[in-house]
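Colleague: Dropping the sequence and predicted coords here.
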Amino acid sequence: MPVFNYTALNSDGKKTRGIIEADNERHVRKQLRDKQLVSLTIETSQTQKNKQSNNQGSQFFAFRKSISAQDLALFTRQLATLIQAGLPLDEALTAVSQQTQKSSNKSIILAVRNGVLEGKTLSESFALYPNVFNTLFCSMVASGESSGDLGEVLIRLADYTEKRQQLRQKSLIALLYPTILSLVAIAVVTGLLTFVVPKIISQFTTLNQDLPMATQWLILISDGIKNYGIYVLITIIILIFIFKNLLKIKHFKFQIHQLLLSLPSFGKVILGLNIARFTRTLSILLSSGVPLLEGLYISAKVLNNLCLQDAINSAAEQVHEGHSLNRALAETNYFPPIMIYMIANGEKSGELSQMLERVADNQDKEFETLMAMALGLFEPLLILAMGAIVLFIVSAVLLPIFELNTLI
């Protein structure tokens with residue numbers, strides 16, 4: 001049954017919005033009248049979708065909007081709980097949609113339910129909305145449907161989504177403090193050089209005496225910021241815009257990602273994060289019954305770095321040719337030896353998914369340790385840098401005063 005968004009007036013004359021299922025717009029108006037509402041606008045919840053064609057020639061729509069990781073994890077866990085409780089799939093989706101507060105999320109869930117009622121599998125219904133449910137999500141759901149263990153697979157998916165969200169939040173929170181501290185430091189120094197220093201230095205320029213080198217440099221920097229600062233800022237913005245557009249070129253983006261991986265400390269952090277994401281994704285796919293080769297190709301797509309994506313795809317080709325996973329990954333030269341040994345042990349013991357999960361946990365812990373160490377070093381280094389800048393400014397201001405006293 002189609003889903004409609006409506007805007008209506010209640011008995012008090014106030015506007016109200018909502019979502020309703022109906023056969024057509026006439027049916028919507030009837031339901032609104034039964035609720036003592038006067039309809040103002042009625043439109044299908046599919047007005048913000050892209051029309052596409054499937055293999056049978058029929059048309060379907062894909063939502064442009066997406067669901068946040070937190071909402072997706074909650075939806076997946078609620079659906080898993082209801083399915084494990086024995087509810088039919090369409091009833092479980094209806095119950096979850098009624099529990100959802102956000103209208104956009106509710107529209108997506110009801111649209112998935114309509115696909116199920118039309119005879120599609122749950123994974124096929126999810127696949128109609130790739131901006132919401134990615135390849136990993138659909139592949140795991142399909143595997144759960146084929147194995148008859150859909151509820152357990154959905155719980156694993158919810159755990160995986162929550163762990164990714166937690167790691168992302170930790171990273172953002174960890175970067176928030178140094179970012180704010182750096183911006184404040186830059187703003188303070190810029191303010192000093194733009195407004196305070198020129199007024200002080202102007203007192204010395206009228207004396208017609210040779211100023212110390214530090215003072216001359218300070219005047220030069222201050223005048224440069226005051227006269228050309230806005231042009232420098234505009235130039236930086238333009239360069240950022242050009243750089244973002246260049247990143248759309250795959251070859252250029254590949255070169256940048258390769259450069260990032262080669263950086264001394266930052267590259268190690270990027271590599272660790274991507275390895276953790278790859279191993280955790282592959283682990284959850286294998287434990288859900290997805291074949292290894294398919295799992296490798298899917299896991300490569302969740303990586304942010306194109307170099308690592310290319311390396312995983314090359315490893316998948318070697319696995320397809322009959323090589324072991326540990327040997328294929330070792331030849332990429334990106335994965336640490338301890339990880340290769342753990343994967344080899346997992347292949348021998350038949351517990352590859354468990355070993356991959358341990359590798360992911362180890363990489364997460366290593367990332368947290370590196371982040372804590374970096375933040376621990378950043379604050380004192382920033383204080384030292386600020387101290388050096390302030391010392392330079394104060395020295396440049398005081399040196400002419402000392403020389404003037406000597407002359408007198």
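Modeller: Cool, the structure landed. All of these numbers come straight from a predicted model, not from anything done at the bench.
Colleague: CA only for contacts and neighbour counts going forward, please
Modeller: Will do.
Colleague: As CSV, could you dump the C-alpha coordinates of the host helix or strand of residue 313?
Modeller: Remark: residue 313 resides in helix 306-320, with elements defined by DSSP states H and E. Presented in CSV, the C-alpha positions along helix 306-320 are these (Å, rounded to 0.1, in the frame of the first residue of the first chain):
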residue,chain,number,x,y,z
LEU,A,306,41.7,3.8,-2.6
CYS,A,307,45.1,2.3,-2.3
LEU,A,308,43.9,-0.2,0.3
GLN,A,309,40.8,-0.9,-1.8
ASP,A,310,43.0,-1.8,-4.7
ALA,A,311,45.2,-4.0,-2.5
ILE,A,312,42.1,-5.9,-1.1
ASN,A,313,40.7,-6.4,-4.6
SER,A,314,44.1,-7.7,-5.8
ALA,A,315,44.1,-10.1,-2.8
ALA,A,316,40.6,-11.3,-3.7
GLU,A,317,41.8,-12.1,-7.2
GLN,A,318,44.6,-14.2,-5.7
VAL,A,319,42.2,-16.0,-3.5
HIS,A,320,40.1,-16.7,-6.5
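Colleague: Against which helices or strands is it packed?
Modeller: Here helix 306-320 touches helix 250-262, helix 292-301, helix 325-330, going by 3 or more CA pairs under 8 Å, 6 or more residues apart in numbering; DSSP states H and E.
Colleague: ok, residue 233 - how many residues close by?
Modeller: 11 (other CA atoms under 10 Å).
Colleague: what's the average pLDDT for the helix or strand containing residue 110?
Modeller: Assigned by DSSP H and E, residue 110 falls within helix 103-117. Averaging pLDDT along helix 103-117 yields 82.
Colleague: check contacts around residue 91.
Modeller: With contact taken as CA atoms under 8 Å, 6 or more residues apart in numbering, residue 91 is in contact with no other residue.
Colleague: Please apply the same query to the one 3 residues further on.
Modeller: Counting by CA under 8 Å, 6+ apart, residue 94 touches 109-110, 113.
Colleague: okay, the residue lying closest to residue 289 once chain neighbours are set aside: pLDDT?
Modeller: With CA to CA, 6 or more residues apart in numbering as the criterion, residue 289 has its nearest non-adjacent residue at 6.0 Å, and that residue is residue 143. At residue 143, the pLDDT value in this model is 82.
Colleague: give me the number of residues near residue 143?
Modeller: 20.
Colleague: Correct me if wrong: it contacts residue 290.
Modeller: Yes - under the criterion of CA atoms under 8 Å, residue 143 is in contact with residue 290, at a separation of 6.2 Å.
Colleague: Using PDB, write out the CA atom coordinates for whichever strand or helix holds residue 142.
Modeller: Assigned by DSSP H and E, residue 142 falls within helix 135-147. The C-alpha trace of helix 135-147 is given here as PDB (Å, rounded to 0.1, in the frame of the first residue of the first chain):
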ATOM      1  CA  THR A 135      26.000  -3.600  -0.100                       C
ATOM      2  CA  LEU A 136      27.300  -5.000   3.100                       C
ATOM      3  CA  PHE A 137      23.900  -4.700   4.800                       C
ATOM      4  CA  CYS A 138      22.000  -6.300   1.900                       C
ATOM      5  CA  SER A 139      24.500  -9.100   1.500                       C
ATOM      6  CA  MET A 140      24.300 -10.100   5.200                       C
ATOM      7  CA  VAL A 141      20.500  -9.900   5.200                       C
ATOM      8  CA  ALA A 142      20.400 -12.100   2.100                       C
ATOM      9  CA  SER A 143      22.700 -14.600   3.800                       C
ATOM     10  CA  GLY A 144      20.500 -14.600   6.900                       C
ATOM     11  CA  GLU A 145      17.400 -15.200   4.800                       C
ATOM     12  CA  SER A 146      19.000 -18.200   3.000                       C
ATOM     13  CA  SER A 147      20.300 -19.700   6.200                       C
END
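Colleague: how about low-confidence regions in the protein?
Modeller: The chain contains residues with pLDDT under 70 at 1-3, 13, 18-23, 40, 44-66, 204-209, 403-408.
Colleague: pull the longest helix from it.
Modeller: In the chain, assigned by DSSP state H, the helix with the most residues is helix 352-407.
Colleague: name the helices or strands packed onto it?
Modeller: Going by 3+ CA pairs under 8 Å, 6+ apart, helix 352-407 lies up against helix 150-191, helix 197-205, helix 213-246, helix 266-287, helix 337-349.
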